[in-house]
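> pasting the structure only:
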C-alpha cells in the first residue's frame, strides 16, 4: 500500500496558531479520509500531514429503498401495480424484494449497494474548504482569490505514493516541490515519495517533527546551562513557543551585567522572555548573569550574541530604572489614583472595584468565621490593585500582583498581606497553583466574584469561543479555591439581585469544573442543588462518584425510581397523617423516613430499600378511599424529597 502526504507551505506562522491550525486540519482530514492515525508535522513555514498505508478505495454502503406496505404490494401472491411500478422505478426485479418491518407495519424493500466517492476525490473537492474552516484569531488575504489564512500560503506539496495529488488552493496547484530552511537552504527540493520527506528536509536544516525539535531545544538549553554552572529556568510554555519559532534550533549564549541582579528574579526572567524569548540560568535558586537564546540561524561568530546582549542591556536598564522609581512611592499612596484607571466602561474605575472587593472580603470574613484575619484581609483588599499604577506593571502587565508582593515586602507590610497581593490572582489557568493561605484565598474569592458579578451585570456574558474578560477562567478559579479550602459559602448572600442569567452561568461553569466526574452524577446533583452553593455541589458529586462503585448504589437508584414512577405528575401534597395508616408496611416506611430526612450522607439512603420494597409488595397505593390514597402518595413524595436532598437519582445511569 502507498503512503499519503500533504504539505501546506506558508510564510512564517505565529507560534500560537501552529498547533491550533494543525489540529483543526487533521480533524477535517480524518473525517474525509476515514483515518484517525494521521501523523502531523509542523514548523513556522509548513503544516504537513502523513498517512501511512493509505487505501484510496471507494467505500461501499448498503442502502434500503422502501416500497409500499406488503398488504398493498400483493393481491394474494400476485404483485400489484404498486409493487411493479416501485420495481421499475428502481431497476429491480421480484428476486430483489425483501419484507422488512418499519414501525408497526411490514413493507417491501430492496437493498442496494452504493459505491461512494473515493477519499482523495472528496479531498480534492473540499480542500479549500478544509483550510478556510480553520478557526484562527486573525486572517489575511494576499492575492486576488479572496481566500484567507493566518499567513500567505506559498506552496502545496501532495503525494500519494509517487503520484502528485491534484489539490488546489486559490491559484496554487499542488506538485512534488517543497522548500528547505529559508536562510540555510532556501532552494526548492523535489520529493519523489512521501517516505523521503522527513530526511530530505532534515538535510536542508528543517526539523519537521515538533516533538523532535522541542527535545533538541531542551537539550541545547540543558547542555549550555550546565557549561555555565547552572540549569535553565523560564516561564511555563516558553520552550514550546520557541520551538514553534524555529525550523532548526541553534543556541546563542549571552551575558548581562551583574548590577541587574538587583532586580527580582521573576522580573529578569519576564523581561528576557517577554521581549526576546530568551532563557535564564540559575544556580542554587539564584539567577546567573547569563542567558540563552534559540536562533533559527547557525551563528557564524559572536555577532548574534553581541546583538542580543545589546538589546537585553537596554531592556534591563529600563526595568532597573522602573524598579528603583517604584520603590520611592508606597503602594498606599497609589490607591487613590486608581479612580483614574478604568475597570470597565460600564462598571466604573478600579477604585470602585477595590471598594467592592473590600466589602465582599469582609462579608466572607463573617461567613467563614475568620475574625482573627479581618485586619490583614481588610489591608490586603485595600492594596490589591495598587501595583497597576507602578512603572513596572505598566511596562510588563504580566507582573501585576507579583510586583505588589515585592514592593509590599520592601515597604514593611505584613508577609501574609504582601503574599495576598500576588496570590489573589491565582489560579489564572486550571494548571496554576492555588492561594496558599486564608488571607490570599479570601481576597481571591472576593476579587473573582466581584469581576464575574459586575461583568455579567453589564452584559458581558461569554458567547461561543469569545470570552475577552476571561470569565470562564475566573469561574474555574473561584470554584477551585472554594474546593481546596472547603468553604461552604453561599454566593447568594454575598451578592445582591442574583439574576437568572448569572445563576445559569454559574451552573454551566460548575458543570464544566466537574467534568472529570461522571456527567450524569454532576447533572443529577445540579438538578436539585443550588449552583450558588458551589461547595455543596462539589462535595456531593465527589461523594456520589465514590459511592457509585459500591453495590448499594445501584439498589438505591432502583429504589428511587420505583418511588418516583408511581407518583402522579405534579403531585405536591406532602402532609402525612398517621391516622390514615392501615398497614404495618406504611408505618415502617414512615419510621424509616423520619430517621432519614436528616441524613448527612447519601449512602444512608440505602436503608430505604427494604421498607420501600415491602411497601410496594403489600400496600395498594391507589386505594379507593381518597384520604388513604392521598396519604400514601404524600408519604412517597416525602421519600422522594429525602433522596432529592442529595440528587435527582432519575438522571443517573446504571
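Arrived safely. Keep in mind that this is a model prediction, so the values were computed, not measured. Numbering: from 1, shown residues only.
> contact partners of stretch 146-155?
Taking contacts as CB atoms under 8 Å, 6 or more residues apart in numbering, the residues outside stretch 146-155 that touch it are 7-14, 17, 21, 128, 131-132, 134, 136, 138-143, 169-170, 172, 177-179. For the C-beta atoms, the positions are set from N, CA and C on the backbone; glycine is no exception.
> ok, now stretch 543-563?
Counting by CB under 8 Å, 6+ apart, the neighbours of stretch 543-563 from elsewhere in the structure are 517-518, 521, 524-525, 601-603, 605-606, 608-609, 612-613, 616, 636, 639-640, 643, 646-647, 649-650, 652, 654.
> Look up the pLDDT of the closest residue in space to residue 440 that isn't next to it in sequence for me, please.
Distances taken as CB to CB, 6 or more residues apart in numbering put residue 423 closest to residue 440, at 3.7 Å, once the chain neighbours are dropped. Looking at residue 423, its pLDDT reads 97.
> burial measure for residue 423, as a count.
The tally of other residues near residue 423 (other CB atoms under 10 Å) stands at 25.
> Equivalent analysis for the one 5 residues further on, please.
One way to gauge burial is a neighbour count; for residue 428, by other CB under 10 Å, it gives 14.
> Distance of the residue lying closest to residue 383 once chain neighbours are set aside relative to residue 388?
The spatially closest residue to residue 383, leaving aside those adjacent along the chain, is residue 331, at 5.1 Å (CB to CB, 6+ apart). For residue 331, the distance to residue 388 under the criterion CB to CB, to the nearest Å works out to 10 Å.
> Also residue 517?
Using CB to CB, one obtains 37 Å as the distance from residue 517 to residue 388.
> thinking again about what came up before, among the contacts of stretch 146-155, which ones are in strands?
Here DSSP state E is the test, and the contacts of stretch 146-155 give 7, 8, 9, 10, 169, 172, 177, 178, 179 as lying in strands.
> Test my guess that the last one contacts residue 189.
Yes - contact status for residue 179 versus residue 189: in contact at 6.9 Å, counting by CB atoms under 8 Å.
> Next, count neighbours for residue 52.
For residue 52, the count of nearby residues is 15 (other CB under 10 Å).
> thought it was touching residue 33?
No - taking contacts as CB under 8 Å, residue 52 lies outside contact range of residue 33: 12.0 Å.
> Can you report phi and psi for the residue nearest to residue 277 when sequence neighbours are not counted?
Nearest residue to residue 277 in three dimensions, chain neighbours excluded: residue 242, at 5.4 Å (CB to CB, 6+ apart). In terms of degrees, to the nearest 10, the main-chain angles of residue 242 are phi -60, psi -40.
> Report the contact partners of residue 242.
Taking CB under 8 Å, 6+ apart, one finds 15, 217, 249, 277, 294 in contact with residue 242.
> Try it again at 7 Å.
Going by CB atoms under 7 Å, 6 or more residues apart in numbering, residue 242 touches 217, 277, 294.
> Residue 250 versus that one, what's the distance?
Taken as CB to CB, the spacing of residue 242 relative to residue 250 amounts to 12 Å.
> My read is that residue 46 contacts residue 6, right?
No - between residue 46 and residue 6 there is no contact, the gap being 10.5 Å when judged by CB atoms under 7 Å.
> who touches both of those two?
Going by CB under 7 Å, 6+ apart, no residue sits against residue 46 while also sitting against residue 6.
> Pull out the buried residues from the lengthiest helix in the chain.
With DSSP state H applied, the helix covering the greatest number of residues in the chain is identified as helix 303-326. Neighbour-count burial for helix 303-326 flags 304-305, 308-309, 312, 315-316, 318-320, 322-323, 326 (criterion: 16 or more other CB atoms under 10 Å).
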